[in-house]
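**Student:** A structural model of the following input is requested.
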Amino acid sequence: MSTRPVKKITICGFGLIGGCMVLDFLRGAGKVQITAFDKPAVLKRLKKNRKFPVKTEPILRKAVAGSDIIILSAPHKANEANLKRLSKINTLTDTLIIDTGAVKLPILKLSLKLSFPNGTQFLPSHPMAGREKAGFENSGSGLFENHCWFIDESVRLSRENRARLDWMVNKLRIKPTFIKAGVHDQLMAEISHLPQLISTILGGQVATELVPLAGPGLRSMLRLSGSPYSVWSEIIDQNRPEIIKSLENFRNNLNKVIGIVKSKDSLANIFKASARSYECL
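**Tutor:** Residues are numbered from 1 along each chain as shown. All right, here's what the predicted structure looks like:
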């Protein structure tokens, strides 16, 4: 029994991630209708942007009607609110719903309390790609190519929805990585959320008049400093316990380095350990 091709995708929250996905979905063979659902002000700007040949719809029920795939790519709280609303649309059958949030456990727990129409499934996911500037205006094709895309391994997709996921994998050229939601959040605190906060702290510490004098070392470390707090405030709130653990571990290591510098001992072992991580790149 063959699965039917993907004909319609709805993006709920048309920002940087949604915009980048659309540009990849539209390349190559096969026609796909894409509908954008967002706040009226965002949709108004989107209509004026010829870069995105998509349909805009401010009413969620109308936007998702007939969709094969629904992508929740708004901030976390908005994704959760939209997921609740989608579960109440009885006509939304045989659809794959995914999200792109940076924290997985809260929305997974929410989804387990909801009941979706026949054939419709929710799949928590998280692409390990992004830019320091938000908004669909900063979108570009190929953002996800060869990047890890975390997918909750606890969800057992139907044959139809698995085919839709495979279609997305091929279109976006991602590296799917199946993992438990809780483990994902622990990893993100260490390899994503901690680097953001370190960059933010450093950006706040360095005097702005000194930045133009800096070389590539500081410039590369400050790249994440431009990330908007409106995005990170929800991430920190949703993954607070794991982020605190990572920050405390970093503080302990920082105190260790301070002690070594004060005692004039060698930092050689720490530099060697750091170099091993760099070699992994």
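**Student:** ok, now how distant is the closest residue to Val32 other than its chain neighbours from Ile243?
**Tutor:** Excluding its sequence neighbours, the residue lying closest to Val32 (CB to CB, 6 or more residues apart in numbering) is Phe25, at 5.5 Å. C-beta: built from backbone N, CA, C; applies to glycine. Relative to Ile243, Phe25 is positioned 32 Å away (CB to CB, to the nearest Å).
**Student:** now do Val211
**Tutor:** 26 Å.
**Student:** So for the worst-scoring helix or strand of the chain on mean pLDDT, what gets flagged as buried?
**Tutor:** In the chain, no helix or strand scores lower on mean pLDDT, DSSP states H and E than helix 216-221, which sits at a mean of 90. If you call a residue buried by 16 or more other CB atoms under 10 Å, then helix 216-221 has these buried ones: Met221.
**Student:** Show me what counts as buried in whichever helix or strand comes after that helix.
**Tutor:** Using DSSP states H and E, the helix or strand that follows helix 216-221 towards the C-terminus is helix 229-238. Residues of helix 229-238 classed as buried: 231-232, 234-236, 238 (neighbour count, 16+ other CB under 10 Å).
**Student:** now stretch 99-116
**Tutor:** 99-108, 110-111, 116.
**Student:** who's in contact with that stretch?
**Tutor:** 17, 71-73, 75-76, 79-80, 83-84, 86-87, 92, 97, 122, 124-127, 150, 152, 154, 181-182, 184-185, 188, 192-193, 235, 238-239 (CB atoms under 8 Å, 6 or more residues apart in numbering).
**Student:** and with 7 Å instead?
**Tutor:** Residues outside stretch 99-116 that contact it (CB atoms under 7 Å, 6 or more residues apart in numbering) are 17, 71-73, 76, 79-80, 83-84, 87, 122, 124-127, 152, 181-182, 184-185, 188, 192, 235, 238-239.
**Student:** and if you look at stretch 17-27?
**Tutor:** With CB under 7 Å, 6+ apart, stretch 17-27 has contacts from 9, 11, 32, 34, 52, 54, 71, 73, 100, 127, 136, 139-141, 143-144, 171-172.
**Student:** Separate out the buried members of the residues you listed.
**Tutor:** Here, 16+ other CB under 10 Å leaves 9, 11, 32, 34, 52, 54, 71, 73, 100, 127, 136, 139, 141, 143-144, 171-172 buried among the contacts of stretch 17-27.
**Student:** Please enumerate the helices of the stretch 51-200 of the chain.
**Tutor:** 60-64, 76-87, 105-113, 159-172, 181-188, 194-205 (DSSP state H, counting those that start in this stretch).
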